[in-house]
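> predicted model and sequence below, questions to follow.
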Amino acid sequence: MSAFDDALALMRDLRTRCEWDAAQTHQSLRPYLVEEAHETDDALRSGDDRALREELGDLLLQVLFHGVIAEERGAFTAHDIAAGMVAKMKARHPHLYAGGEKQAWETMKAAKAPRTSVADGLPVELPALHRAHRLQDRAGGMGFDWPDVHGPAAKVREELDEVEAELAATPARGEPDGAPVYDAQHARLEAELGDLLFAVVNLCRKAGVHAALALERANGKFVGRLDRVSALAQARGIALQGQTLEQLDELWNAVKADEPR
């Protein structure tokens, strides 16, 4: 707590003696909070503990900054934030701190503060994959969930069949410049593909995998393979442009075969 109080005292001092810090408001700090969260995520992704420690400090700075501004307004203090977090975490674990029974968090949360919508409280800017995961979590807390992965897997196959049926009925079309045609047919296809993506997210969730992290890993794998394909083509004196799909597949499979299993 000494380090926490020292950091809090520093933040209060900056608010009185630094022109820039004194001018900030909750609203003006919003972009910095988002930026620091992304930088912390980058440090986590890199596995660099030194960078992670630094970025977590920058993130804590944002929390303290908002806490001090709220304190100045007479709304709450940084210690109130910490106390609220402690109270919430104890309430989330009644089997550990209150002699109660273990319960699903979404079920407890829904009972404590009934929602008018399953989306109540979810940030507007939450990325779509993460939002889908959280919506499904909440639906699960209401009882709308499969007991295991078999139901979601079957749903993915069902949605894929519907996408293929829509593709057969409304094949992809484009303007002369290659831009897609946005009409009723396109809207139906977009809806079916959206259902398929949503079903895949639910399969990931039931398998204990976060879809956003799975896609991030797949993106990294794809970039790595494609870069190695380009390097292999260059080493063989081959220009990728103008190659047939079969020739490109041969390069792709050669790169894939060299990957550790």
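Looks like it arrived, so ask away.
> make it CA atoms for all contacts and neighbour counts henceforth
Noted.
> among the helices and strands of this structure, which has the poorest mean pLDDT?
Ranking every helix and strand in the chain by mean pLDDT, DSSP states H and E puts helix 105-112 at the bottom, with a mean of 67.
> in the helix or strand containing residue 3, what's buried?
If you go by DSSP states H and E, residue 3 is part of helix 2-17. For helix 2-17, the neighbour count (16 or more other Cα atoms under 10 Å) marks 8, 11-12, 15 as buried.
> what segments of the stretch 1-150 of the chain are helices?
Taking DSSP state H, counting those that start in this stretch to define them, one finds helices in the stretch 1-150 of the chain at 2-17, 19-23, 26-46, 49-73, 78-92, 94-97, 105-112, 128-141, 150-169.
> what's next to the helix or strand following the last one, contact-wise?
Following the chain from helix 150-169 toward its C-terminal end, the next helix or strand by DSSP H and E is helix 184-206. Judged by Cα atoms under 8 Å, 6 or more residues apart in numbering, the contacts made with helix 184-206 from elsewhere in the structure are 129, 132-133, 136, 148-149, 152-153, 155-156, 159-160, 162-163, 166-167, 170, 210-211.
> same thing with stretch 223-240?
The contact list for stretch 223-240, computed with Cα under 8 Å, 6+ apart, reads 248, 251-252, 255-256.
> secondary structure for those - can I get that in CSV?
Putting those into CSV (DSSP: H, G, I helix; E, B strand; the rest coil) gives the following:
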residue, secondary structure
248, helix
251, helix
252, helix
255, helix
256, helix
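> now do the residue sitting nearest the centre point of the chain, the pLDDT please.
The centre of the chain sits closest to residue 130, judged by Cα atoms, centre = their mean, with a distance of 4.2 Å. Note on residue 130: pLDDT of 88.
> residue 119 and residue 82, how far apart?
26 Å (Cα to Cα, to the nearest Å).
> neighbour count winner among the two?
Neighbour count, other Cα atoms under 10 Å: between residue 119 and residue 82, residue 119 has more, with 14 against 11.
> what about residue 50, distance to residue 40?
Separation of residue 50 from residue 40 (Cα to Cα): 11 Å.
> ok, now residue 256?
Per Cα to Cα, residue 256 is found 32 Å from residue 40.
> over to residue 82?
Taking Cα to Cα as the measure, residue 82 falls 20 Å from residue 40.
> next one: residue 193
As judged by Cα to Cα, residue 193 and residue 40 stand 32 Å apart.
> could you pull up phi and psi at residue 210?
Phi and psi for residue 210, reported as degrees, to the nearest 10, are phi -80, psi 130.
> what residues are up against it?
Contacts of residue 210 by Cα under 8 Å, 6+ apart are 130, 133, 201, 204.
> for ChimeraX, write the select line for the buried members of those residues.
Buried members of those can be picked out in ChimeraX with the line below, counting by 16+ other Cα under 10 Å:
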select :133,201,204
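> circling back to that earlier point, what sits closest to the residue nearest to the centre of the chain if chain neighbours are left out?
The shortest distance from residue 130 to any non-neighbouring residue, by Cα to Cα, 6 or more residues apart in numbering, is to residue 212 (6.3 Å).
> element containing the one you found, please.
Residue 212 belongs to helix 211-235, assigned by DSSP H and E.
> one more: residue 243?
Following DSSP H and E, there is no helix or strand that holds residue 243.
> okay, now it: neighbour count?
The tally of other residues near residue 243 (other Cα under 10 Å) stands at 11.
> again, but for residue 132
Residues within reach of residue 132, counting by other Cα under 10 Å, total 20.
> now it: how far from residue 201?
7 Å.
> cool, residue 247 as well?
33 Å.
> helix, strand or coil for residue 238?
Residue 238 ends up coil, using three-state DSSP.
> what about the residue nearest to residue 32 when sequence neighbours are not counted, how many residues close to it?
Closest residue to residue 32 apart from its sequence neighbours, by Cα to Cα, 6+ apart: residue 62 at 7.7 Å. With neighbours defined by other Cα under 10 Å, the count for residue 62 comes to 21.
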